[in-house]
Every structure is written in C-alpha cells, then in structure tokens.
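Chemist: sequence first, then the predicted structure, then my questions.
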Amino acid sequence: MSLYQAFAKKLRQTVLQMTHRAKSSHVGTSLSMADLLAVLYGGILCVRPEEPDWPDRDRFILSKGHGCAGLYAALAERGFFPRSWLEDFYQNGARLAGHVTHHGVPGVEASTGSLGHGLSIACGMALAGKRDRQNYRVFTLMSDGECDEGSVWEAAMFAAHHRLDNLIAIVDYNKIQSLGAVKQILDLEPFDKKWEAFGWTVKQIDGHAIAQIEGALKEIPFRKGTPSCLIAHTVKGKGVPFMENELLWHYRAPNGEELKRAIECLSREEGV
Amino acid sequence: MRTAFFRTLVELADQDERIYLVVADLGFGSVEPFIEKYPGRFLNVGVAEQNMIGIAVGLALSGKIVFAYAISNFPTLRCLEQIRNDVCYHRANVKIVTSGGGLSYGALGMTHHVTEDLAVMRALPNMMVVAPGDPVETAHATRAMAAHPGPAYFRLGRAGEPVIHKQPIEFKLGKAILARPGQDLTLISTGGLLGLALEAAEALESDGVQTRVLSMPTVKPLDHEAVLAAARETPVIVTLEEHSILGGLGGAVAEVLAESEEKVLFKRLGLPSAFADQVGDQQYLRAAYGLSREGVVESIKSLLIGVRK
C-alpha cells in the first residue's frame, strides 16, 4: 500500500468515526473525495502546517462544504490542529461545524456550505497571485451537483478570460446529488465539453486511482495560459461497499454496527 | 456623490497600492480616471455580481482593499448570500458600493429603485452601513472606510448633488453630524435627503419650531449616543430616509428608543413598504411619497399638534 493509499484509508476511517460519533450526514461525499484529498494533502499542496498563513502557500478551497469531515481529517492528519478536535466534530461546544468553517480552524482558507461560492473566491485569489507575481496555486474541489449553480459558470468564464493557469478546479463527479442521480436531476453531460467551451483545459481521471490523480495534479497547468479542470470520476461512498452509490448515505450516519462493518470493509480493501 | 467617491478613491489608490476597484460592467463616465491610472488594480468582471463578490473576497483574503462597485440593487440583493457568507463571515476587506440609492433612478422603474438595501445590509453581522448625505460626507466616508479593516456597504446617490456642508466637518464612522442646532424637535436624516431635512427645518423655523438636524451617514453601527441625547433634549424625533420605513434608519432609531428609558414622540418618514406605482424622476417620486419640503413640513406639523396639546 502506497503512502497515499494509507493516507486515504486513514481519512476514510476518520470520517466514518466522525460521522458516527456526530450522527451527522454527508459521509458518502467525504468517502468519494478521500483519494483526491489524500494526494492533495499528502504531497501536491505546498503548505506549512506550522505556518498556516505562509504567504507563498498553495490555497485549497473545499467548495463542497458538506464534505468538511474529510477536509478536517486531512488537516488534522497533516498537523494543522490536534486530532482531538475531530472527536467532538458537529457537537455542542465543538470547534468544527458541519460545513467547512475557517473560524478558529487553521488551514481552512474559506468557509463554505452554500454551493457555488468557492470557485469565485478561488478566482480572486488566483488573480491576486498573478497580479502580484506570486507562484502559489489555487485549488478548489467542487461537487457535481454544485455545477448546477450559475455562479460556477460566471467564475468559469472569468478564469479563462483572465488566463488563470494558476487555478485548478477539481470536480468530485460521483454522479449522485441531493435527491438522486445527477443524470436524472440535471444532466451535466457533455461535462468536459462544457468546461472546454468555457476555455478550460480538461482532464478526466478515475478519482480513486492514486497514480492517475497524482499524474494529473503534477501536470498543472494542463496547458499554459488556461485554467485547469480535473474531472474526477468517483463513486459516492467509495471504500465501503454497502455505502457505495447509495443516496441514503448522503444523509444517514453509520450506527455502531455499521461503523464496525465499514471499518472492516476498509481493512479488506487494500488495493483501492 | 459618485464624483466625490471616485475622485477620493483615486487619491486613496495613490497612497495605498492595496486598493482595488472591481466593477460589474458599470460605471461609465466614472471609473475611467481609476482605470487610466491603475489598470493593474482595476477589474471588470462582466455582468456577474455573484462572481464579483466572490472575486472581491478572494482578492481581499490575499491582502487587497477591494471596492466592489455597481449600481442599483445589483451589488447587494443579487448576490446577498455571497455578501453574507463570503464577505461578512470572513470579515473580508470588501466595500460594496452602489450608486442610485433610493429613488435616484426614478423613471427607470422598480428594478432600479434601491429602497430596502439599508435594512437588508444592516441585518448582516460584521457589516457597516454608510449612506453619506452630500459629496463632502462622501469623500470623508470613502477615506474612513478604506481605513476600516472589514466589510462595509456604501450607498451613494447619483452624481451632481449639491454640497450641503459648506464648512469643514468632523467625520467619524458611527457618529452623527450636527447639521443644525435646535431644541423643539430632532430631524435625523441619512443619505441624500440631508438637504431636504435642512430645508424643512428652515421652513419650520418660520412657525417658531427650532429643529435640530442630525445627518446620520452611518446607519450601522448607529450613533446611539446622539439618538439618546436627542431624546433627552428634544421632545420629538423624526427620521427621514429615501428608503422603506421598515428596517432602515427609522427602524434602527426606533430600536434604540424602544429599549431606552426616554419618552419621546417618534415618527419615521420615508417610503412605504410598497413598489412605486407611478412613473417619474427622483423629485417627482419623492414628492409622491411626501418626501418634499411641503410633505415633510406637513407631516411634522401634524405630529407637533399632538405635543402642544
């Protein structure tokens, strides 16, 4: 098992435990992006946990703020804050809320939770970087359902117009949104063509294949002078077979028995 | 006011290279001097207000002082959630500036009437709300807001309003400005009705009523002290605003008075919570809603009849 795979597995275990303890929703979305986060926080992002506001850091915005458990787990794993903060996630008096909050949480660039905000903020940061001749890059991770929001496409037009090749949008394309299948609710296809038509350079990968994720993220910008869009085909609930592709796990938290089974599944699934 | 704002903004940009001007494809005839001098700190995002606010926040979180400009309700109501979550929650150094406060765009119709903005912006945590009374207050307020590290909403009228303050004023965000002394009544005005307030005060003087006129450019945080002093020192308080009487200056003053121990006769003058059902320019529509000298004097006189009994 590679270091990235081990990191991803750890993230999956942690979010299962967090959502179980908190009885919170959105475990499926944290599982679908676990491999992406593992590669980002395991190596791609140039950040300093001991100096979270380091001016030259890469910026990462989790625009799909409901996936906060995954982000918090990754930040704690990297040492931005103590792991103990994860224990009372989403509970009375805790530091960590059920959508991404920057307030008092080192390493979080922007608070999110309403979809369609992150890419615009990322555009502003990327533009500032360009105009100030800084070398940092700005990453934002969005959900597929989020791309229903018109504001995403306002930002998409802007990024290409301003040639923000220090900006990368990653879409966790797990094909399930709040009330069902993306294809049935508001089809995004042809998804890559949409981004290309907006002036982005697009790559599509298996969002659970570590080598593909790493390979793509090491090639940013995909084309000089254009923003990069990485469409990561993923499986909602990935790693826990009884959660995979099940809408239910957008809402339900695993109970004690389910948590035990889920952790066992992760241990078996060595070759994710 | 627009002229004073943009002139002052260029001066500020001369002194501070963090100043950015971001617009949503508006500002013809106003933004050109800034663009000419500082093209690298100007940004037109196109007709996309939600994106404008998000970008402004991204710039602000990267160390810039961002003035985000459009007209009418476009930079507020269209992108309210971006303002709440992204500007206010992050305490981002973004100043949202609109031109066309109140009924400035009169005959352009309902979409362009800015008549609930003070109430809506005032409700947002961390947001300062400023509506200057004339070009002098505008210039002061622009400088003060640039120096204030955090979110602010700045409501301008249009271009070409008269200068009301002929003498130098002491301007401080959150503080009322005494525009005229008086002890029978306090008339508190915000935004472009300051001139009207003074005209009404003068008309009332011929009836022997000495009106204190307070200009209240900062609607939030409100100058509680000035309101309470007025309540102690004058038996009547009237608020005047080119805005719905719900939740703006009148609402803010009412909140302070209702929770105080002062007993004072109080009335809000402004627009009803209704869309304008007539077509006309700013003066025409103001008059239709009683926001003329005659209208204001009449309202105040009928209020005073009660006091003098």
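Modeler: Right, received. Where do you want to start?
Chemist: give me the buried positions along the one helix or strand residue B:283 maps to.
Modeler: Using DSSP states H and E, residue B:283 sits within helix B:282-288. Neighbour-count burial for helix B:282-288 flags B:282, B:285-286, B:288 (criterion: 16 or more other C-beta atoms under 10 Å in any protein chain shown). All C-beta spots, glycine's among them, are computed from the backbone N, C-alpha and C.
Chemist: tell me which two of those residues sit farthest apart.
Modeler: Spanning the widest gap among these are B:282 and B:288, at 10.7 Å by C-beta to C-beta.
Chemist: show me where chain B has helices.
Modeler: Taking DSSP state H as the test, the helices found in chain B are B:2-15, B:32-37, B:49-60, B:80-81, B:117-122, B:135-147, B:194-205, B:224-233, B:249-258, B:282-288, B:293-308.
Chemist: make CSV from those helices and add mean pLDDT and distance to residue A:20 to it.
Modeler: Supplementary listing: the helices of chain B in CSV, determined by pLDDT from 0 to 100; distance: least, C-beta to C-beta, whole Å:
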stretch, mean pLDDT, distance to residue A:20
helix B:2-15, 98, 53
helix B:32-37, 98, 55
helix B:49-60, 98, 34
helix B:80-81, 98, 31
helix B:117-122, 98, 40
helix B:135-147, 98, 48
helix B:194-205, 98, 60
helix B:224-233, 98, 49
helix B:249-258, 98, 45
helix B:282-288, 97, 60
helix B:293-308, 90, 63
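Chemist: single out the most deeply packed of those helices.
Modeler: The highest average neighbour count among those, using mean count of other C-beta atoms under 10 Å in any protein chain shown, belongs to helix B:49-60 at a mean of 31.
Chemist: check which helices and strands it sits against.
Modeler: Contact partners of helix B:49-60 among helices and strands, from 3 or more C-beta pairs under 8 Å, 6 or more residues apart in numbering or on different chains; DSSP states H and E: helix A:118-131, helix A:150-161, strand B:19-23, strand B:65-71, strand B:94-99.
Chemist: need the ones you listed in CSV with distance to residue A:263, mean neighbour count and mean pLDDT, can you?
Modeler: Supplementary listing: those in CSV, determined by distance: least, C-beta to C-beta, whole Å; neighbours: other C-beta atoms under 10 Å in any protein chain shown; pLDDT from 0 to 100:
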stretch, distance to residue A:263, mean neighbour count, mean pLDDT
helix A:118-131, 31, 28, 98
helix A:150-161, 35, 23, 98
strand B:19-23, 48, 24, 98
strand B:65-71, 47, 27, 98
strand B:94-99, 44, 27, 98
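Chemist: contact partners for residue A:115?
Modeler: Applying C-beta atoms under 8 Å, 6 or more residues apart in numbering or on different chains to residue A:115 gives the contacts A:63-65, A:142-143, A:145-146, A:148-149.
Chemist: of those residues, which belong to strands?
Modeler: Under the assignment DSSP state E, the contacts of residue A:115 contribute A:142-143 to strands.
Chemist: hmm, who's touching the helix holding residue B:283?
Modeler: B:102-106, B:158, B:196, B:242, B:276, B:278, B:280, B:292, B:294-295.
Chemist: hmm, back to that, dump the helices of chain B to CSV, plus distance to residue A:217.
Modeler: Shown next, in CSV, are these (distance: least, C-beta to C-beta, whole Å):
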stretch, distance to residue A:217
helix B:2-15, 38
helix B:32-37, 37
helix B:49-60, 21
helix B:80-81, 30
helix B:117-122, 40
helix B:135-147, 39
helix B:194-205, 57
helix B:224-233, 54
helix B:249-258, 50
helix B:282-288, 55
helix B:293-308, 64
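Chemist: so which of those is nearest residue A:9?
Modeler: Proximity to residue A:9, assessed across the helices of chain B by C-beta to C-beta, is greatest for helix B:49-60 (33.3 Å).
Chemist: tilt between that closest one and strand B:65-71?
Modeler: Counting by axes from the mean of the first three to the mean of the last three C-alpha atoms, to 10 degrees, helix B:49-60 points 170 degrees away from the direction of strand B:65-71.
Chemist: poorly predicted segments of the stretch 151-272 of chain A, please.
Modeler: Judged by pLDDT under 70, the stretch 151-272 of chain A has its weakly predicted residues at A:269-272.
Chemist: flag every residue of it that's near chain B.
Modeler: The stretch 151-272 of chain A has residues A:151, A:154-155, A:157-158 near chain B, with proximity defined as C-beta under 8 Å from any C-beta of the partner chain.
Chemist: count the neighbours of residue A:85 for me.
Modeler: For residue A:85, the neighbour count with other C-beta atoms under 10 Å in any protein chain shown is 17.
Chemist: ok, it - contacts?
Modeler: Shown in contact with residue A:85 (C-beta under 8 Å, 6+ apart): A:72, A:76, A:94-96.
Chemist: same check, this time on residue B:243
Modeler: B:101-102, B:114-119, B:190-191, B:249, B:270-271.
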